[in-house]
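Asks: what's the 3D shape of this:
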Amino acid sequence: MVLRVLSVVLLVALTAIGAAAVLAGVAEQHAADTAYVADFARPGAECGSGEVHFDESDGVVLACLPRGGSSVRFPGFSDAQNDDVEALAKNLGADSLSTVDRARIQQRVDEIAATVPEPARPHYDEGMSLGPVWGAGLAWAGGAVALLGGLGLYLRRRRG
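Replies: As a prediction, this is how the structure comes out:
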């Protein structure tokens, strides 16, 4: 009897840990995927999920709500690289930022991001990472663990 209860408790725990790992992995991957996104908005607006936000009317860096902050600081970029992106946005935004201007700013961010060494890239650890397994890898591993736990519970229940 005790062994049956213990096996069910362990399978439920396995399923719950796997589900939590899926959620944490998805959150980590989303944060990493948006780390090098230049966002464009109007002053006083809530900005998107990107790290840096520019005023779409003049290219000036915005202090977005609710986050705040009004400087270009992409993770892993040097001060000179961040200043380069900010200067480009201001120059292109002198007569408002067109779709082409926005694409040029994002292209410059992408060019610089491609040179950032792996150790300097953002790694968003939501407290669930297991060594090198984080982000999408953590989500997939968590999904497999949750699936195995759920399958174990199903088979356990079916056996009676």
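Asks: When you work out contacts or count neighbours from here on, use the C-alpha atoms and nothing else.
Replies: Will do.
Asks: for the protein, what spans make up the strands?
Replies: 38-41, 52-55 (DSSP state E).
Asks: so for the first one, what's the average pLDDT?
Replies: The average of the pLDDT scores along strand 38-41 is 80.
Asks: So which residues of this protein form helices?
Replies: Along the chain, counting by DSSP state H, helices occupy 2-33, 79-92, 99-113, 135-159.
Asks: Which strands and helices lie in contact with the worst-scoring helix or strand of the chain on mean pLDDT?
Replies: Lowest mean confidence among the helices and strands of the chain (mean pLDDT, DSSP states H and E): strand 52-55, at a mean of 78. The helices and strands touching strand 52-55, judged by 3 or more Cα pairs under 8 Å, 6 or more residues apart in numbering; DSSP states H and E, are strand 38-41.
Asks: Send me the strand it packs on as PDB with only the CA atoms.
Replies: Taking only C-alpha atoms (Å, rounded to 0.1, in the frame of the first residue of the first chain), the coordinates of strand 38-41 have been written out as PDB:
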ATOM      1  CA  ALA A  38      15.000  47.300 -31.200                       C
ATOM      2  CA  ASP A  39      11.400  48.300 -30.300                       C
ATOM      3  CA  PHE A  40       9.700  51.500 -31.600                       C
ATOM      4  CA  ALA A  41       6.900  53.300 -29.900                       C
END
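Asks: what pairs with that strand, and is each one parallel or antiparallel?
Replies: strand 52-55 (parallel) (DSSP bridges).
Asks: Check the offset of the strand it pairs with from the chain's centre.
Replies: Offset of strand 52-55 from its chain centre (Cα atoms, centre = their mean, to the nearest Å): 18 Å.
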